[in-house]
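Visitor: Based on what follows, work out the 3D shape:
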Amino acid sequence: MLGFYVLQPDEIGVLLTLGKVTRVVEPGPGFAFPFFQRVIKTKSSLQTIDLPDQQIVLSGNIAITISGNLNFRVVEPARALLGVGDYRYSMQQLALTTISDVLGTKTIEEVRTEKVAIADEIEKLVAELADTWGVGDVDIRLTDARMDESLLRAMMRETEAIKEADAVKIKAESDRHVASILSEAAEILSATPGAMTLRVLQTLNDVSNDKMTVVVPLPVELFPHLGQAAANSQPAVESVSPQKSVVPEPAKGSSSETPPLGRLKIADDKILGVCPHCDTQFNVTQALANMRYDRMPDQPGMQLRCAICSEIFTLPEVSK
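Guide: Presented below is the predicted three-dimensional model:
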């Protein structure tokens, strides 16, 4: 640049006189003697370079593709313009090689989780060398780290398996904690009179909030009697007759006349009673064990009514 010149606010330059640096030229108008002086100018504002994608092999032989950007500012124009052939190209290559060197010692987990810390480490190394070139305010950002699709799917499956294992472990710990609390609560309720009744009433109160549920309260003391009544209920008597099953009726009265004598026989661990009137066989094992089926308690033996011919016959007593 010869003669009169004007530098813009975002520009800075160096005045050379007969090939030697005379001074730094600030923004504004100026004059350079033709043939003796000239001005070399450059940008003084922040400059940005998009770093091209490069494939890097990480520790563990995992290949990823890294991209990013580089920001810097010329702070000493004499060094930047005269000490380096092309400071922009040099800064780009310096950033790429530093990124490759640093990431080559990192694992894929570190790249995924510590991207900012790695970028700061790279930025520190680049800034140390760039300072000797008259370049400052260096800022490096890693914008993307891409892996092969097959490797990415494998890592996603690994992460999913780890998360599922953690979820199962947390649920097991929760169940164990809840079981411990319930066990302590059960001990307290059993040791305190009336505590269980209060807990039942509280549960009924919670259930009654649902309008679709009908709650019928029963006294707790009634449950043992219900269980005893169920245990003493009338058993069914199996019949060996292929046509009918017989359930002897309980005794209702007695008579002075002794009914004819029936017969007892044992078949397949069952006691069979044979009616003397119609020769029908019945399983009377349960009836013989309970005297309340005796039609004539005052007569010797046990009197049963045949369900086929409705006649009463006597079975001899069976000793236990």
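Visitor: So for N71, what's the pLDDT?
Guide: The predicted local distance difference test score for N71 is 91.
Visitor: residues near it, how many?
Guide: Around N71 there are 15 other residues, counting by other CB atoms under 10 Å. Just so you know, the C-beta spots here come from the backbone N, C-alpha and C atoms, and that holds for glycine as well.
Visitor: Low-confidence stretches in the protein?
Guide: 1-2, 193, 196, 207-256, 268-269, 286, 288-292, 317-320 (pLDDT under 70).
Visitor: Give me the domain ranges for it.
Guide: Under the assignment automatic domain parsing, the domains of the chain span 3-43, 47-150, 235-320.
Visitor: so how far is the longest one from its chain's centroid?
Guide: How far domain 47-150 lies from its chain's middle: 40 Å, per CA atoms, centre = their mean, to the nearest Å.
Visitor: Please measure how far the first residue of that domain sits from its last one.
Guide: Taking CA to CA, to the nearest Å, the span from the opening residue of domain 47-150 to its closing residue is 38 Å.
Visitor: next one: the first one
Guide: The first and last residues of domain 3-43 sit 21 Å apart, counting by CA to CA.
Visitor: Can you say which of the domains of the chain is nearest to M156?
Guide: Nearest to M156 among the domains of the chain is domain 47-150 (10.5 Å), distances taken as CB to CB.
Visitor: Looking at the domains of the chain, which is nearest to T192?
Guide: With CB to CB as the criterion, T192 lies closest to domain 235-320 of these, at 40.3 Å.
Visitor: can you put the domains of the chain in TSV and add distance to E187?
Guide: Output for those, formatted as TSV (distance: least, CB to CB, whole Å):
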stretch	distance to E187
domain 3-43	80
domain 47-150	47
domain 235-320	39
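Visitor: Out of those domains, which is closest to E160?
Guide: E160 sits nearest to domain 47-150 of all the domains of the chain, at 15.4 Å, using CB to CB.
Visitor: Run through the residues that contact M147.
Guide: Residues near M147 by CB atoms under 8 Å, 6 or more residues apart in numbering: I62, A63, I64, T65, I108, M155.
Visitor: Of those residues, grab the buried ones for ChimeraX.
Guide: In ChimeraX, a selection of the buried entries from the contacts of M147 looks like this (16 or more other CB atoms under 10 Å):
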select :64,108
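Visitor: quick check, nearest of the contacts of M147 to L81?
Guide: Comparing those against L81 with CB to CB places T65 closest, at 34.1 Å.
Visitor: follow-up on the earlier one: grab the two from the contacts of M147 that are most spread out in space.
Guide: Of all pairs in the contacts of M147, the most separated under CB to CB is T65 and M155 at 15.3 Å.
Visitor: G68 in helix, strand or coil?
Guide: Three states are possible here, and by DSSP: H, G, I helix; E, B strand; the rest coil the one that applies to G68 is strand.
Visitor: Helices of this protein, start to end?
Guide: 77-78, 87-103, 108-113, 115-130, 149-191, 195-207, 222-231, 285-288 (DSSP state H).
Visitor: List the buried residues of the third one.
Guide: Residues I108, V111 are the ones in helix 108-113 that count as buried (16+ other CB under 10 Å).
Visitor: name the helices or strands packed onto it?
Guide: Using 3 or more CB pairs under 8 Å, 6 or more residues apart in numbering; DSSP states H and E as the contact criterion, the secondary-structure elements in contact with helix 108-113 are strand 62-74, strand 135-147.
Visitor: Could you check how many residues crowd around the nearest residue to I49 once chain neighbours are set aside?
Guide: Of all residues beyond its chain neighbours, the one nearest I49 is L70 (4.6 Å), with distances taken as CB to CB, 6 or more residues apart in numbering. The number of residues packed around L70, counting by other CB under 10 Å, is 24.
Visitor: surely L70 meets Y87?
Guide: No. In this structure, L70 sits apart from Y87 without contact. The criterion is CB atoms under 8 Å, and the distance is 11.8 Å.
Visitor: list the buried ones in stretch 45-57?
Guide: Residues of stretch 45-57 classed as buried: Q47, L51, I56 (neighbour count, 16+ other CB under 10 Å).
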